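Colleague: the following block contains a protein sequence and its predicted model.
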Amino acid sequence: MRRLPGRPRRQQDGCPGDPGSAGCAGGAADRYRRLGQRVGESNTKAGLIEPVIAALGWDVLDPDEVHREYRRRSPDNPVDYALLLSRTPRLFIEAKGLGGNIDDPRWANQTISYAAVAGVEWVALTDETEWRLYNAHAPVPVEQKLFRAVRLTEDIDAAFELLALLSKDNLPALRLAPSPGAAGDLGRFTGVYAWPDRRWEVTASDTHLVMEGDGGIVEALPLDDCTFVVDAEDPDIPTVTFGGFGASGRPAVLYQMLWGPSARVGACRRPSQARLKA
């Protein structure tokens, strides 16, 4: 039996191979189902979800890597799991009880919307028998963000391939080193973005954005297609991210963000946002 990456082969509860592998997880779900009653979220998470996360190479005992009941801000509704690299959330997992109704669109919509605000690209929704993977950054309506879905009890090979995408080895860390050309045409970001009490005027050079505001002039270098680092040497790693893109690729919103120690552990903090002035 093939194994998910990152964990040694071992024998447990009569399951050949890694107990967190797709095949063993499906078998465990069958055993839970034979109890004759609906298994709640707590049992699903402890007995079915977390062994899979561990088998994917994530340290479930390290809250800087697997953060349960994750909140970006204290008033927010929590996400069941945030998987973090370099203390930055890279994947959200929302788990429902075995046999729960994950077809209810509000579960996916809620987590995807939260991921988009938090700067997290990938979202998984599962009741353990079925895993659904969404790309929160895909430029399509939320109901079209589903990337792939599999049922562990029906197609083990497809389940293995999907879950392997979520392994720690396969999930890339956030690139905080500038990546020239990653944002494409920088001219689309130019304009004046304003708060009620301050503003940034953004112009573009061949390689970076120039942002002029009350605090002076700063240069912002691209990290990806919408995020720019202002000062990579600053331990708080200040960045700006653009959002609200129209059909032409032009953004309508600018966020100021911190990724480092001043943000809550494992969090991206967005203290404020400004909108493009017409």
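Modeller: Ah, there it is. Bear in mind the structure is a predicted one, so any value in this text is a computation, not a measurement.

Colleague: give me the low-pLDDT residue ranges for the stretch 101-250 of the chain?
Modeller: Screening the stretch 101-250 of the chain residue by residue with the criterion pLDDT under 70, one finds the ranges 172-176, 232-237.

Colleague: what about the strands in it?
Modeller: Per DSSP state E, counting those that start in this stretch, the stretch 101-250 of the chain carries strands over the ranges 122-126, 130-135, 146-151, 191-194, 199-204, 209-213, 216-222, 227-229, 238-243.

Colleague: identify each buried residue in the fifth one, please.
Modeller: It stands for strand 199-204. By neighbour count, and taking 16 or more other C-beta atoms under 10 Å as the criterion, the buried residues in strand 199-204 are 200, 202, 204. Quick note: C-beta positions are derived from backbone N, CA and C, even for glycine.

Colleague: got it, and stretch 143-160?
Modeller: Buried positions in stretch 143-160, judged by neighbour count with 16+ other C-beta under 10 Å: 145-146, 150, 152-153, 156, 158-160.

Colleague: can you tell me the SS state at residue 46?
Modeller: Reducing the assignment at residue 46 to three states with DSSP: H, G, I helix; E, B strand; the rest coil gives helix.

Colleague: residue contacts, it?
Modeller: With contacts defined as C-beta atoms under 8 Å, 6 or more residues apart in numbering, residue 46 is in contact with no residue.

Colleague: which parts of stretch 111-128 are buried?
Modeller: 111-112, 114-128.

Colleague: quote the end-to-end distance of stretch 97-114.
Modeller: The first and last residues of stretch 97-114 sit 21 Å apart, counting by C-alpha to C-alpha, to the nearest Å.

Colleague: go on, stretch 127-138?
Modeller: Start and end residues of stretch 127-138 are separated by 23 Å (C-alpha to C-alpha).

Colleague: got the buried residues for it?
Modeller: The neighbour-count check on stretch 127-138 (16+ other C-beta under 10 Å) flags 127-137 as buried.

Colleague: contacting residues for the nearest residue to residue 114 once chain neighbours are set aside?
Modeller: When the adjacent residues along the chain are set aside, residue 114 lies closest to residue 79, with 6.4 Å between them (C-beta to C-beta, 6 or more residues apart in numbering). Taking C-beta under 8 Å, 6+ apart as the definition of contact, the neighbours of residue 79 are 69-71, 92-94, 111, 114.

Colleague: farthest-separated two in those?
Modeller: Across the contacts of residue 79, the longest distance by C-beta to C-beta is 14.6 Å; it joins 71 and 93.

Colleague: between these two, which one's more packed in?
Modeller: The residue with more neighbours, out of residue 71 and residue 93, is residue 93; 25 against 17, by other C-beta atoms under 10 Å.

Colleague: what's the helix or strand for that one?
Modeller: Applying DSSP states H and E as the criterion places residue 93 in strand 88-95.

Colleague: so what pairs up with the nearest residue to residue 123 once chain neighbours are set aside in the strands?
Modeller: Leaving out its chain neighbours, the residue that sits closest to residue 123 by C-beta to C-beta, 6+ apart is residue 134, at 4.4 Å. Note on residue 134: beta-bridge partners by DSSP bridges are residue 123, residue 146.

Colleague: could you do residue 85 as well?
Modeller: residue 88.

Colleague: what is the burial count for it?
Modeller: The criterion is other C-beta under 10 Å. On that basis, residue 85 has 17 neighbouring residues.

Colleague: cool, residue 180 as well?
Modeller: Look at residue 180: counted by other C-beta under 10 Å, it has 10 neighbours.

Colleague: list phi and psi for it.
Modeller: The main-chain torsion angles of residue 180 are listed as degrees, to the nearest 10 and equal phi -50, psi 130.
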